[in-house]
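# here's my sequence, what's the structure:
(3 chains)
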Amino acid sequence: MSLAAHSQNLNPEQLAAATAPDGPILVLAAAGTGKTRTLVHRVAWLVDRGIAPDRILLLTFTNKAAREMLERATALIGNTVSGIWGGTFHHLANRILRRHAPRIGFASDYTILDREDARGVMAERVRERTKRDREFPKPDVLLALVGAAVNSGIALDAHLAARAPELLVYGDDILKVAAEYAERKRRLGAMDFDDLLVFAVRLFETCPDVLERYQRQFLHVLVDEYQDTNPLQAAMVDRLAAGHGNLMVVGDDFQSIYGWRGADLRNLLSFPERYPRCATYRLETNYRSVPAILDVANACMAGAPEQFQKTLRPTREPGPKPFLVRPRDGDEQACYAVQQIRRWRREGYRYGDMALLYRAHFHSLELQMALDREHIPYVLTSGIRFFEQAHIKDVCSVLRLLAFPADELAFSRLVQLLPGAGPKTAQKAWSRMPGRFAAADPACREAIRSALRPPAAEAWKTIEPILATEKTTALAHGGADAVDQFVSAFYEHYAHLTYENAEQRLEDLQALVDYAARHASAEEFLNEVALLTNVDAEPETDQEEGGDAIRLSTVHQAKGLEWPVVLIAWLTDGMFPSSRSLNETFDGEAEERRLFYVSVTRAKDELHLCMPEVRRPRDGGVLFCSPSRFVREIPPALFKSVGAMTYYD
DNA sequence: GTTTCGGTTCTTTTT
DNA sequence: GAACCGAAAC
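Residues are numbered from 1 along each chain as shown, chains lettered A, B, ... in the order given. Next up is the predicted model:
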């Protein structure tokens, strides 16, 4: 593809960035300005210029984003792009660590702890302290503290003093618990999500030869959503690109919304200082939204203290001003939504063109009920991930145990499915085993049986033969056969006894078997499962599936997406901005404001902002809600107010 | 000593 | 819903 061909598809701003000369490049891409298109063309441009695909590294926020970019690049220049390393930071870290973990004292078959696993491990450490002192911080709080410190690259005690001074009285114990948590993970041969990043960076630091190998491999490093990287991730990228400096970072400081997870805007803001040779490109021409929507977005960020002021320049013909709606309560808000949905349908929009966005999952309750009642199809990016649900994890523990016999957590989970067996029984059985599970070893089998009480032992008999299958056979095809057998021999019965929605869960498991079967080995499958995101796993809703449906989503999960018509629910002070982030987070209001900016800029044609007057909490009370401060700050002339009206049909 | 069950409480955002 | 806590049941 020639330069001329690229220039046909890109505007001058985009073209300049996509075809920029080697060296550090900062692309400031405001919302809806064709950031993805520019990155896709950059990749195509590089491959076109003779860079081998496997020497390009493309880091994105989700695996889905990487997949989509590579698909679009393929459409552009054919499958010459296959072989590009693309995915999340965690994926890259995992891929590298699987290969070199022994260099930093880990086995290559370390297991990955998801949030629930990590919480379990932390809870063990905390239990006895809670007995001594009822007030001792809960496992979730401790995990958040440790995680925040690690991701910001700050020592835990310094982090405590700076961000959680009220917990300083427990300082010593917190440090001890954190150390025990780390030690326990070591003993389990396990890494949590943060560890993947920590140890990847440590690997680079302590093994220069390994670092050099990847520096030589990746001639070009491209990072999407750079405003949401944390210091560890920035360090990873800096190291990888240290040799040649061919590092392109793309981001928008107005859209940084992951500060609570350790993302540090300074990575982006200080990029020009860290890379003095860097060339900066700005994308400000917006192709997405009608001018009236951009007016609101621009007004919202006009007073923001961020460094790179950007103004969205519209290209679209004028459209309606954003609608400001003040329903009485959540139910009336839902009725208003239904009414608009009906109108949109009449005007020719498909359900897939519509999105209802909100700050937190529980804000969607009344919306869901109303849509159910009206039989309007919707998909929800749910709070619980498919792969984090109990039944999915139960079944995966069989695979984990087969693939990684030393995985104590998997063994424990499996044992606790047996009738009359709890944590103590699982612990007892494991302590009698040689530190690993060996179905072929009679002594090991006997050890387990001796720890189980009769009903548990009886049930175990149905599971044991599956675990005794020869490993390579059991684990072929992503372990699909083993899962299938386990479900029919044991779990189907268990599910019916345990869950009132057993049938639905068993359907999930069938889907899991199909999904697993698409992998060569169970190890590969398990690796992927642990690092999948909500967005990655979302159900197919495209036209070809025939599943035309409205999207309900948190603003966080709507990042990077767009819809012709968008309604934002619960835009009231306390809900959005959330009072918790205002009170508990450093810089909370600024980040909430950016979140509002992100939500507004999702809409193409029509935007509705809903601010119910009251909220009715569980206890039967009534809470008055003022309109969100972000709405109040914006000149009223930029909105069209929807006056008092009956929303009920 | 363990497990299970029933009642209570609280929901931010997620790799 | 689901996670936690205390008390009954095994």
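
# how many residues are close by whatever residue of the stretch 401-550 of chain A ends up closest to DNA strand C?
Nearest residue of the stretch 401-550 of chain A to DNA strand C: A:Asn501, at 5.9 Å (C-beta to the nearest atom of the strand). Any C-beta I mention is one placed from the backbone N, CA and C, and that applies to glycine too. Residues near A:Asn501, counting by other C-beta atoms under 10 Å, number 11.

# how near is it to A:Arg373?
20 Å (C-beta to C-beta, to the nearest Å).

# re the thing from before, report pLDDT for the residue of the stretch 401-550 of chain A closest to DNA strand C.
Note on A:Asn501: pLDDT of 75.

# likewise for A:Ala66?
83.

# so where do the strands sit in the stretch 501-649 of chain A?
Residue ranges of the strands in the stretch 501-649 of chain A, as given by DSSP state E, counting those that start in this stretch, are A:550-554, A:563-568, A:603-610, A:614-615, A:623-624, A:640-642.

# between the ones you listed, which one is nearest to DNA strand C?
Judged by C-beta to the nearest atom of the strand, the one of the strands of the stretch 501-649 of chain A that comes nearest to DNA strand C is strand A:550-554, at 14.9 Å.

# name the strands paired with the closest one and say parallel or antiparallel.
Sheet pairing of strand A:550-554 (DSSP bridges) gives strand A:354-358 (parallel), strand A:378-380 (parallel).

# dump the strands of the stretch 501-649 of chain A into JSON lines; add mean neighbour count as well.
Below are the strands of the stretch 501-649 of chain A laid out as JSON lines (neighbours: other C-beta atoms under 10 Å):
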{"stretch": "strand A:550-554", "mean neighbour count": "24"}
{"stretch": "strand A:563-568", "mean neighbour count": "24"}
{"stretch": "strand A:603-610", "mean neighbour count": "24"}
{"stretch": "strand A:614-615", "mean neighbour count": "16"}
{"stretch": "strand A:623-624", "mean neighbour count": "10"}
{"stretch": "strand A:640-642", "mean neighbour count": "14"}
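
# of those strands, which is nearest DNA strand B?
Smallest distance to DNA strand B across the strands of the stretch 501-649 of chain A (C-beta to the nearest atom of the strand): 4.5 Å, for strand A:550-554.

# how far out from the middle of the chain is the closest one?
15 Å (C-alpha atoms, centre = their mean, to the nearest Å).

# quick one: is the helix or strand hosting A:Arg342 near DNA strand B?
Element membership for A:Arg342 (DSSP states H and E) is helix A:330-346. No: Helix A:330-346 lies apart from DNA strand B when judged by C-beta under 7 Å from any atom of the strand; the minimum separation is 12.7 Å.

# so which elements touch that helix?
With contacts defined as 3 or more C-beta pairs under 8 Å, 6 or more residues apart in numbering; DSSP states H and E, helix A:330-346 has these neighbours: strand A:354-358, helix A:365-373, strand A:563-568, strand A:603-610.

# tell me the helices and strands packed up against the longest one.
When contacts are defined as 3+ C-beta pairs under 8 Å, 6+ apart, helix A:365-373 packs onto helix A:330-346, strand A:378-380, strand A:550-554.

# ok, 10 Å please
Helices and strands touching helix A:365-373, by 3 or more C-beta pairs under 10 Å, 6 or more residues apart in numbering; DSSP states H and E, are helix A:330-346, strand A:354-358, strand A:378-380, strand A:550-554.

# worst average pLDDT in the ones you listed?
strand A:378-380 - the lowest mean pLDDT of those, at a mean of 82.

# average pLDDT for the helix or strand just after that one?
Counting by DSSP H and E, the next helix or strand C-terminal to strand A:378-380 is helix A:390-403. Averaged over helix A:390-403, pLDDT sits at 85.

# what comes up buried for helix A:390-403?
A:391-403 (16 or more other C-beta atoms under 10 Å).

# the helix or strand just after that helix to helix A:390-403, inter-axis angle?
Where DSSP H and E defines the elements, the next helix or strand beyond helix A:390-403 is helix A:408-415. Interaxial angle, helix A:408-415 versus helix A:390-403 (axes from the mean of the first three to the mean of the last three C-alpha atoms, to 10 degrees): 120 degrees.

# next one: helix A:408-415 to chain centre, how far?
Averaging C-alpha positions (C-alpha atoms, centre = their mean) puts helix A:408-415 26 Å from its chain's average.

# on contacts alone, who are the packing partners of that helix?
Using 3+ C-beta pairs under 10 Å, 6+ apart, helix A:408-415 is in contact with strand A:111-113, helix A:115-132, helix A:171-188, helix A:390-403, helix A:423-432, helix A:442-451, helix A:454-468.

# now do 6 Å
helix A:390-403, helix A:423-432 (3 or more C-beta pairs under 6 Å, 6 or more residues apart in numbering; DSSP states H and E).

# any chance of those in a markdown table with distance to DNA strand C as columns?
Formatted as a markdown table, the helices and strands packed on helix A:408-415 follow (distance: least, C-beta to the nearest atom of the strand, whole Å):
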| stretch | distance to DNA strand C |
| --- | --- |
| helix A:390-403 | 7 |
| helix A:423-432 | 12 |
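
# which one of those lies nearest to DNA strand B?
helix A:423-432 (3.5 Å).

# could you check whether that closest one is close to DNA strand B?
Yes: for helix A:423-432 and DNA strand B, the contact criterion (C-beta under 7 Å from any atom of the strand) is met by A:Pro423, A:Lys424, A:Thr425, A:Ala426.

# tell me the mean pLDDT over that helix?
For helix A:423-432, mean pLDDT rounds to 83.

# helix A:115-132 and that one, what's the angle between them?
Calculated by the same axes, to 10 degrees, helix A:423-432 forms an angle of 110 degrees with helix A:115-132.

# which non-adjacent residue is nearest whichever residue of the stretch 351-500 of chain A sits closest to DNA strand B?
Residue nearest to DNA strand B within the stretch 351-500 of chain A: A:Gly422 (2.7 Å; C-beta to the nearest atom of the strand). Nearest non-adjacent residue to A:Gly422, counting by C-beta to C-beta, 6 or more residues apart in numbering: A:Gln416, 6.1 Å away.

# ok, now A:Ala569?
Sequence neighbours aside, A:Tyr358 is the residue nearest to A:Ala569 in space, at 4.5 Å (criterion: C-beta to C-beta, 6+ apart).

# where are the low-confidence patches of the stretch 1-150 of chain A?
In the predicted model of the stretch 1-150 of chain A, residues A:1-8, A:128, A:130-135 satisfy pLDDT under 70.

# where do the strands of it begin and end?
Under DSSP E, counting those that start in this stretch, the stretch 1-150 of chain A gives strands at A:25-29, A:56-59, A:85-87, A:111-113.

# can you give me the neighbour number for the closest residue to A:Pro564 other than its chain neighbours?
Nearest residue to A:Pro564 in three dimensions, chain neighbours excluded: A:Asp353, at 4.3 Å (C-beta to C-beta, 6+ apart). A:Asp353 has 19 neighbours, counted by other C-beta under 10 Å.
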